[in-house]
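>>> Sharing a model that was predicted from the sequence below.
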Amino acid sequence: MLKIAFVCIENSNRSQMAQAFAKLSGVPVEAYSAGSAPSGKINPRAIQAMAELDYDLSTHESMSVDNLPTDVPLDAVVSMGCGDKCPWVPAKQRIDWDIPDPRDMDPDEFRVVRDTIREKVTALMNELSDK
């Protein structure tokens, strides 16, 4: 089973949606999301954007990278575009996706970011499950 963490700054938008898409991928995965400075809440815009795809993001929690599992190495850590603000998390593979933070975007722009994340997660899950 793959173990993947998606990391951003607040853990309220991008990494939360990425975790959801990984879980929906059909690939056996333990998917996590975390933030370097977690906001403590999921953005209502992210909850709405995912509800449009029949996924309930309101059940997720915003958490710190300090809460990621350390007992087993992660197959991949994906930073969502926070660059050097993301702390180092041990993993077999580190990936950085330069995805803008949709926090203050209008709903249509938010959907574009959501769909970009879905495409990237789908490709990543396919790539990692083929190895």
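Perfect, thanks for sending it. The model shown is predicted, which means the values in this text are computed figures rather than measured ones.

>>> pLDDT-wise, which helix or strand of this structure ranks last?
None of the helices or strands of the chain scores lower by mean pLDDT, DSSP states H and E than strand 94-96, at a mean of 91.

>>> what comes into contact with that strand?
Contact with strand 94-96 is made by 76-79, 81, 83, 124, as judged by CB atoms under 8 Å, 6 or more residues apart in numbering. To be clear about C-beta, it is placed using only N, CA and C from the backbone, and glycine gets the same treatment.

>>> What's the ChimeraX line that selects buried ones from these?
Burial among the contacts of strand 94-96 is assessed by 16 or more other CB atoms under 10 Å; the matching ChimeraX selection reads:
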select :76,77,78,79,81,124
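
>>> Just the contacts of strand 94-96: which are in helices?
Leu124 (DSSP state H).

>>> How much space separates the most centrally placed residue in the chain from Asp130?
Central residue of the chain (CA atoms, centre = their mean): Ser15, 2.4 Å from the mean position. The gap separating Ser15 from Asp130 is 24 Å, by CB to CB, to the nearest Å.

>>> now swap in Lys92 and tell me
According to CB to CB, Lys92 and Asp130 sit 15 Å apart.

>>> more crowded one of those two?
The neighbour count for Lys92 versus Asp130, taken as other CB atoms under 10 Å, is higher for Lys92 (12 against 7).
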